[in-house]
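Visitor: return a 3D structure for these sequence lines:
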Amino acid sequence: MNVEFDDLELNYTPWLPASRDAAILDVGCGPGRVLAFLAERGYRALEGFDRDPDAVTVARARVQAPISVDDDWSHVLSARARAFDLIILKDVIYYVPRDRVVDALRVVRQALKPGGRVIVEVFNGAAFTGQWTANKDDAILWTPTEHTLRSFLERAGFADVVLRPQVPPARTLRRRAFNLLARLWRVRLRLWYFFERGLAEENPRILTTKIIGVGEVPA
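Guide: Numbers count the residues shown, from 1 in each chain. Predicted coordinates for the structure are as follows:
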């Protein structure tokens, strides 16, 4: 496993298509890291787009795939009904205004084949530093929790929605020690939620820095 991609290996592998000819789109592909990971795993029908021309130039140099400059999901996907087996949205949905997220996810669903999947990776608004995430980039408009992400995916028509904490890599002793301390810290956070809010159903269950959400198009 390439160390550069160990977080993607840990968190995306269970949701990737079995066929290496599956059509995969990376929305907001940036410099092409996710596409390079998929290409290394043998996937051949890859596409991507991003609004940053400089990032697209880097991505094109890394991966032999159609990669375009665009920031309008509807423009890219509206003419691609049932075109993809998997669409990946890594660190992008909080750049979409909150009241337009469901519509954007519906466009994604319509571009997926029956049985296709979407993978959504986002910073977690329920983490202790969630508010810092919302403020570190003035283009980020909101930060989700697992409850808002599940709601948006289900309202967009996705089925079998799964929310899980992003698993950090643990290849070194230092990283394993850090992950252990982070788990202990999250126990403390859960206690804080309990003391402030009791056993409220809407309390977050996922308190990691990032969340992975997966939804399927009903077959």
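
Visitor: now do the contacts for the residue nearest the centre of the chain.
Guide: For the chain, E121 is the residue whose C-alpha lies nearest the centre (Cα atoms, centre = their mean; 2.0 Å). Contact analysis of E121 by Cβ atoms under 8 Å, 6 or more residues apart in numbering lists 11, 88-91, 166, 210-213. (Glycine included, C-beta is placed from N, CA and C.)

Visitor: now do 7 Å
Guide: Neighbour list for E121: 90-91, 166, 210, 212 [criterion: Cβ atoms under 7 Å, 6 or more residues apart in numbering].

Visitor: next: V122.
Guide: Applying Cβ under 7 Å, 6+ apart to V122 gives the contacts 91, 93-94, 144, 149, 210-211.

Visitor: ok, V3 next?
Guide: Contacts of V3 by Cβ under 7 Å, 6+ apart are R171.

Visitor: please apply the same query to S151.
Guide: With Cβ under 7 Å, 6+ apart as the criterion, no residue contacts S151.

Visitor: how far away is it from Q110?
Guide: For S151, the distance to Q110 equals 19 Å [Cβ to Cβ, to the nearest Å].

Visitor: where does pLDDT dip in the protein?
Guide: Counting by pLDDT under 70, the chain shows low-confidence ranges at 1, 170, 175, 178-179.

Visitor: hmm, who's touching the helix ranked longest in the chain?
Guide: Counting by DSSP state H, the longest helix found in the chain is helix 173-197. The contact list for helix 173-197 (Cβ under 7 Å, 6+ apart) reads 128, 168-170, 203-204, 207.

Visitor: and if we set it to 6 Å?
Guide: 128, 168, 170, 203, 207 (Cβ atoms under 6 Å, 6 or more residues apart in numbering).

Visitor: in those, find the pair that's most separated.
Guide: Farthest-apart pair in the contacts of helix 173-197 is A170 and N203; separation 27.1 Å (Cβ to Cβ).

Visitor: just checking, what packs against the helix or strand immediately after the longest helix of the chain in the chain?
Guide: Next helix or strand after helix 173-197 toward the C-terminus (DSSP states H and E): strand 210-216. In terms of contacts (3 or more Cβ pairs under 6 Å, 6 or more residues apart in numbering; DSSP states H and E), strand 210-216 is packed against strand 112-123, helix 146-155, strand 159-165.

Visitor: who does A23 form a beta bridge with?
Guide: Taking DSSP bridges as the rule, A23 bridges to A45.

Visitor: and it, what does it touch?
Guide: Per Cβ under 6 Å, 6+ apart, neighbours of A23: 45, 84-85.

Visitor: possible to save the residues you listed as TSV with neighbour count and distance to V102?
Guide: Output for the contacts of A23, formatted as TSV (neighbours: other Cβ atoms under 10 Å; distance: Cβ to Cβ, whole Å):
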residue	neighbour count	distance to V102
A45	17	28
F84	24	19
D85	22	22
